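Q: Test case, fold it:
(2 chains)
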2 protein chains.
Amino acid sequence: MSDHIPEELRGLLDRPIIAALATIMPDGHPQVTPVWCSYDGTHVIINTTADRLKHRNIVARPRVTLMVVDPDDQFRYLEIRGAVEEITAEGGGESMDELSLLYTGQHKRYGIEAPPREESERLVYKIKPVRVSFNPLTRNTGGKTR
Amino acid sequence: MSDHIPEELRGLLDRPIIAALATIMPDGHPQVTPVWCSYDGTHVIINTTADRLKHRNIVARPRVTLMVVDPDDQFRYLEIRGAVEEITAEGGGESMDELSLLYTGQHKRYGIEAPPREESERLVYKIKPVRVSFNPLTRNTGGKTR
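A: Numbers count the residues shown, from 1 in each chain, chains lettered A, B, ... in the order given. Below you'll find the model as predicted:
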């Protein structure tokens, strides 16, 4: 039980692995959506726009959780419960471009034809880990547990 | 906005795709863990044991959310907010075995050396979808959106 991301699992946040982001709806139900993310050593960074449900949930209830699973080993995962400490438009476009390059190999946003809402201003969300969980069986393996 | 799983996305629940399951902690923070799941046409089925955190959260707060992303198309996903309508030990072992076969190709539980807690009784959780979301761009595509 720690807010520390084990060094040997940190790589899961550097690879283009789609994360599951959970927020809380006004009625208390969890909401989960796929997101791109990165990690700067202090915060997990995500990027979205203010017209999304997840944005409204985060503003009202900034406790969120991200979970990534190693696509090469389904038993190797990282769950990060965190607090959104900052939401900023500063560097939002550049951050989205970096994530797009990592996840799609393309600079253009999403790598697909952008629907109209994609023209909304990109915002950066900085999530401070408060509780990190993982499968203890996989902590000390570089990859496969089997 | 519907509780209906679109026919063209239902296949995401028949394939061995690791789902993200979100529950709610006592303090209101989301908890997200990877799970195996299947769909019987009415309920999404998951399987775990009573000694897990997710079990305690579900018993106390039965509103959960599952999210699956197509590993062949990161923009194709299904989010199912649901209510756990039943938790039963009946068929728990058989259900786990079926999931293990689907997800690992092996009958033995998890396909890995089972830690001691794996000897706990397997329980089946039946989740009734109450709200289904997906990327509307991918609804009518069999696969790739790009």
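Q: beta partners for the nearest residue to residue A:42 once chain neighbours are set aside?
A: Take residue A:42 and drop its neighbours on the chain: the residue closest to it by Cβ to Cβ, 6 or more residues apart in numbering or on different chains is residue A:128, 7.2 Å away. Heads up, the C-betas are built off the backbone N, CA and C, glycines and all. On the basis of DSSP bridges, residue A:128 is bridged to residue A:83.
Q: what does residue A:19 give?
A: Under the criterion used (DSSP bridges), residue A:19 bridges to residue A:35.
Q: isn't it right up against residue A:65?
A: No: the criterion here is Cβ atoms under 8 Å, and residue A:19 misses it with residue A:65 at 9.8 Å.
Q: Those two - which one has more neighbours?
A: residue A:65 (30 against 25; other Cβ atoms under 10 Å in any protein chain shown).
Q: my read: residue A:59 touches residue A:87, true?
A: Yes: judged on Cβ under 8 Å, residue A:59 makes contact with residue A:87 at a distance of 7.3 Å.
Q: For chain A, give me the ranges with low pLDDT.
A: A:1, A:108-119, A:139-146 (pLDDT under 70).
Q: how deep is residue A:54 tucked in, by neighbour count?
A: With other Cβ under 10 Å as criterion, residue A:54 counts 19.
Q: try residue A:129
A: Neighbour tally, residue A:129, other Cβ under 10 Å: 21.
Q: In three-state terms, label residue A:11 for me.
A: Recorded secondary structure, residue A:11: helix (DSSP: H, G, I helix; E, B strand; the rest coil).
Q: Assign residue A:8 to helix, strand or coil.
A: Residue A:8 ends up helix, using three-state DSSP.
Q: Tell me how far the residue sitting nearest the centre point of chain A lies from chain B.
A: Centroid-nearest residue in chain A: residue A:37, 3.8 Å away (criterion: Cα atoms, centre = their mean). Distance, residue A:37 to chain B, by Cβ to the nearest Cβ, to the nearest Å: 13 Å.
Q: how about the nearest residue to that residue once chain neighbours are set aside, what does it touch?
A: In this structure, residue A:37 finds its nearest non-sequential neighbour in residue A:19, 4.7 Å apart by Cβ to Cβ, 6+ apart. Residue A:19 makes contact with A:34-37, A:46, A:66-68, according to Cβ atoms under 8 Å, 6 or more residues apart in numbering or on different chains.
Q: any idea which of these has the most stuff around it?
A: Going by other Cβ under 10 Å, residue A:67 tops these with 26 neighbours.
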